[in-house]
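# Prediction below, plus the sequence it came from.
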Amino acid sequence: MKLAFDHAKILQRAYRRICRHLDDPIRDPAFDFVPPRFTLAELRRIYEAAIGSKLTPRMIREHLVERGLIVPASSKPTAKAVNQLYRWISRLTG
């Protein structure tokens, strides 16, 4: 589809910026794609929509949890791991 004026360039820059944010999510607070507390499944759906392909839960865990970018929102574990809520680490400490 052909877009008017420089709209294609604008969309391309916006897409690249979103992808950069997904690689380092705590760097730019302008991109709060999830609520303050979220499940890994919710976060995975955001990543999948942005990159246009499926991810495994393990990929999200390795990319964000194991790098220390997100942490459990509560010190009390949930009965089911899929219900565990997470939060971003503080942008002040990152």
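Looks like it arrived, so ask away.

# Quick one: the helices in the chain, in order.
In the chain, the helices defined using DSSP state H lie at 7-23, 40-51, 57-60.

# For Pro77, which of those helices is the nearest?
helix 40-51 (14.1 Å; CB to CB). The way it works is simple: take the backbone N, C-alpha and C, and place the C-beta from them, glycine included.

# looking just at contacts, which helices and strands does the closest one meet?
helix 7-23, helix 57-60 (3 or more CB pairs under 8 Å, 6 or more residues apart in numbering; DSSP states H and E).

# List the contacts of it.
Where contact means CB atoms under 8 Å, 6 or more residues apart in numbering, the residues beyond helix 40-51 that reach it are 18-19, 22, 33-34, 54-55, 57, 60-61, 64-65, 70, 82, 84, 86.

# Quick check: Ile89 vs Gly68, distance?
For Ile89, the distance to Gly68 (CB to CB, to the nearest Å) stands at 6 Å.

# Comparing those two, which residue is more hemmed in?
Ranked by neighbour count (other CB atoms under 10 Å), Ile89 and Gly68 place Ile89 first, with 16 against 10.

# Correct me if wrong: the more buried one contacts Ile70.
Yes - Ile89 lies in contact with Ile70 (CB atoms under 8 Å); the separation is 6.9 Å.

# hey, which of the helices and strands packed on helix 40-51 is tucked in deepest?
helix 57-60 (a mean of 14; mean count of other CB atoms under 10 Å).
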